[in-house]
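**Q** here is a sequence with its predicted model. Questions after.
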Amino acid sequence: MALEVYIDNEKIETKKRYKTLGLAIKEINAQLTKERKIATHILVNGEELSEKTFMYAKKNILEFRTKKESGIILEGIYNIKEYIKRYFDLIQEFEFAEEAQEDEILQEMVDITSWFIKHLLAMKSFSTIDMLDKGFDENLDMLQELYMEIKQAFEHGDMEVIVEILEYEVPNVLAKIERESSDYVHYFSNDQKRNEFLN
């Protein structure tokens, strides 16, 4: 299958033919990863990629809109307080929730906890923040440990443990992260400037 490939509006010269659209996307995403970029939008014939794309599209023009991983991480750092506020709002919602709503609220709290773990790991891989901020690794380790305890409690159906961790233990770590988040911006931005200068 012949494709015209565009990355950030620039046509990529390639004579390669792909067996399927999925293989083409996988290969191009792998190349973007090597360049430390992430595809934020993938379009096929001018339309956003969806399940129907594989069934109905002509599959001749493939476009990628990307951002640097470092840029996405920095955006995430700026959104830390917003995520923490949402987490604490969920605690309040849980206190007054109907029984039918409790699982959904708890799942969103787990998802936010997971987001913080992934984001802190990404920050660590892109900077020296863990060496500059002594509390960084401690926060990350604690969240990872709590997340594992939550998973184990889910497997055993121990809702009491899950609620205790999500209502009391995770918020303590998030409060520490919130206090240190302005330092994260400073450390990470300086690291990126240093890397750009060296490269």
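**A** Structure received.
**Q** which stretches of this structure have low pLDDT?
**A** Along the chain, segments meeting pLDDT under 70 span 1, 15, 51-59, 126-133, 187-199.
**Q** domain-wise, how is it divided?
**A** Residue ranges of the domains in the chain are recorded as 4-68, 79-198, according to automatic domain parsing.
**Q** could you dump the ones you listed into a markdown table and include mean neighbour count?
**A** Every C-beta, even on glycine, is put in place using the N, C-alpha and C of the backbone. Conversion of the domains of the chain to a markdown table gives the following (neighbours: other C-beta atoms under 10 Å):
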| stretch | mean neighbour count |
| --- | --- |
| domain 4-68 | 13 |
| domain 79-198 | 15 |
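**Q** how far does stretch 99-110 sit from its chain's centre?
**A** 21 Å (C-alpha atoms, centre = their mean, to the nearest Å).
**Q** can you tell me what sits against that stretch?
**A** Y87, L90, I91, E93, F94, A97, Y147, I150, I162, V163, L166, V170 (C-beta atoms under 8 Å, 6 or more residues apart in numbering).
**Q** nearest to N60, of these?
**A** Y147 (43.5 Å; C-beta to C-beta).
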